[in-house]
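Undergrad: Coordinates only, no sequence provided:
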């Protein structure tokens, strides 16, 4: 996968994964990989800077949980601002992907005309 394509969607993917319940870095990478059937693979070098930036922007908040002897995990949960950004990014993604599919000549794409509106 082109890393530039992933970089443009990383924030939306992370917000989506942590929106139902808090999660920690490694679990976020595994969830994205599983949901994408192995196509999307988040690297530590892009995930953790994104998590820290999203925390600074108040899209996420974090807390520590003891995960065994001498081990702690930093969990991230989405904030109200993060949920609003997620909703906006999902809407933008639907319009964008419908437009690209239109250019590529995809047929049978559900909601293509509606998504561009």
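TA: All right, it came through fine. Keep in mind that what you see is a predicted model, and the values were worked out from it rather than measured.
Undergrad: Every contact and neighbour count from this point should use C-alpha atoms.
TA: Will do.
Undergrad: center of the chain, which residue is that?
TA: Per C-alpha atoms, centre = their mean, the C-alpha nearest to the average position across the chain is that of residue 13, at 1.2 Å.
Undergrad: What strand or helix carries the nearest residue to it once chain neighbours are set aside?
TA: Nearest residue to residue 13 in three dimensions, chain neighbours excluded: residue 32, at 7.3 Å (C-alpha to C-alpha, 6 or more residues apart in numbering). In this assignment (DSSP states H and E), residue 32 forms part of helix 25-35.
Undergrad: report the longest helix in this protein, please.
TA: If you go by DSSP state H, the chain has its longest helix at helix 80-104.
Undergrad: do you know how far residue 52 is from residue 97?
TA: 28 Å (C-alpha to C-alpha, to the nearest Å).
Undergrad: Apologies, that question was intended for residue 22.
TA: For residue 22, the distance to residue 97 - C-alpha to C-alpha - is 28 Å.
Undergrad: quick one: which of the two has more around it?
TA: The residue with more neighbours, out of residue 22 and residue 97, is residue 22; 18 against 15, by other C-alpha atoms under 10 Å.
Undergrad: The closest residue in space to that one that isn't next to it in sequence: how many residues sit nearby?
TA: In space, and not counting its chain neighbours, residue 22 is closest to residue 77: 4.4 Å by C-alpha to C-alpha, 6+ apart. Per other C-alpha under 10 Å, the neighbour tally for residue 77 reads 21.
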